[in-house]
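Trainee: Any chance you could fold what I've pasted below:
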Amino acid sequence: MTNGLLQRVDAVQVPVPSLDDGIQFYVDKLGHRLKWRNDNVGQAGLELPNGDSELVLTEHLAYEPNWLVDNVETAVTTFTTAGGTIISPPTDIPVGQVAVVQDPFGNILVLVDLSKGLYQPDGAITHSV
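Mentor: Numbers count the residues shown, from 1 in each chain. The predicted structure follows:
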């Protein structure tokens, strides 16, 4: 493997009591731009100005950070072969796939690929990345 398995931090999740409250604080008061919002999953993605990572407001406590990989299924196989364990197997999501794994030291990582596209501000999904 010439490059590492984990490409970059895709998103850091911040629990909020409601998306409206979170957006009021992080967008209206702190000036972050809303990239997308999905009320069905209780999440909204905000732009971080110095990179491709997102700040994701979530109404549900979730693992963090989310690590971008080329292909979740391949990454999970590589991760478990190296000694990690699967917490949640690869699952389809609107923009690709996600899985949760644990390294031998107890650290939990969320692996995500964006193989189906990206969320847009209106919750729609682009179909190319």
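Trainee: Now do the same contact list for residue 6.
Mentor: 67-69, 109, 111 (Cβ atoms under 8 Å, 6 or more residues apart in numbering). For glycine as for every other residue, the C-beta is placed from the backbone atoms N, C-alpha and C.
Trainee: Give me the subset of the residues you listed that lies in strands.
Mentor: In strands, defined here by DSSP state E, the members of the contacts of residue 6 are 67-68, 109, 111.
Trainee: contact partners of the helix or strand hosting residue 56?
Mentor: Using DSSP states H and E, residue 56 sits in strand 54-58. Residues external to strand 54-58 that are found in contact with it (Cβ under 8 Å, 6+ apart): 10-16, 19, 22-23, 26, 32, 35, 42-48, 66.
Trainee: Which other helices and strands does the longest helix seen in the chain contact?
Mentor: Assignment by DSSP state H gives helix 72-81 as the longest helix of the chain. Applying 3 or more Cβ pairs under 8 Å, 6 or more residues apart in numbering; DSSP states H and E, one finds that helix 72-81 contacts strand 85-93, strand 96-102, strand 108-113.
Trainee: related to what we said a few turns ago, closest one to residue 126 out of the contacts of residue 6, please.
Mentor: residue 68 (15.7 Å; Cβ to Cβ).
Trainee: what pLDDT does that closest one get?
Mentor: Per-residue confidence (pLDDT) for residue 68: 89.
Trainee: Count residues in the vicinity of it, would you?
Mentor: 19 (other Cβ atoms under 10 Å).
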